[in-house]
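K.L.:
Pasted the sequence and its predicted model underneath.
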Amino acid sequence: MVKRVDYPLGNAFNPVSDEQLEGKFKSLVVPALGEEGAEKILAAG
């Protein structure tokens, strides 16, 4: 199966949702700071 994507995810014409962005953030930060550390950063933002 092939799918054409004119604008990649994160482009102004295909923006990332808040949930997707938070998921990516957690996938990168939780291994280093733990769930609590990641939640503190999100709460501060």
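P.N.:
Structure received.
K.L.:
contacts for stretch 4-21?
P.N.:
Lys24 (Cβ atoms under 8 Å, 6 or more residues apart in numbering). All C-beta spots, glycine's among them, are computed from the backbone N, C-alpha and C.
K.L.:
Could you tell me the end-to-end distance of that stretch?
P.N.:
End-to-end span of stretch 4-21 (Cα to Cα, to the nearest Å): 23 Å.
K.L.:
what's the offset of that stretch from the middle of its chain?
P.N.:
Chain-centre distance of stretch 4-21: 11 Å, with Cα atoms, centre = their mean, to the nearest Å.
K.L.:
List the buried residues of it.
P.N.:
Buried residues in stretch 4-21, counted by 16 or more other Cβ atoms under 10 Å: none are found.
K.L.:
Give me the number of neighbouring residues for Arg38.
P.N.:
Quick fix: residue 38 reads Ala, not Arg. By other Cβ atoms under 10 Å, the residues close to Ala38 number 19.
K.L.:
Repeat that for Leu42.
P.N.:
The burial count for Leu42: 12, using other Cβ under 10 Å.
K.L.:
And the helix or strand where it lies, how far out from the chain middle?
P.N.:
Using DSSP states H and E, Leu42 maps to helix 18-44. Its chain's C-alpha centre and that of helix 18-44 lie 9 Å apart, by Cα atoms, centre = their mean.
K.L.:
So for that helix, mean pLDDT?
P.N.:
What helix 18-44 shows for mean pLDDT is 97.
K.L.:
Find the residue at the geometric middle of this structure.
P.N.:
Leu21 (2.2 Å; Cα atoms, centre = their mean).
K.L.:
Can you tell me how far that one is from Arg4?
P.N.:
24 Å (Cβ to Cβ, to the nearest Å).
K.L.:
how long is stretch 6-17 end to end?
P.N.:
With Cα to Cα as the measure, stretch 6-17 spans 18 Å from end to end.
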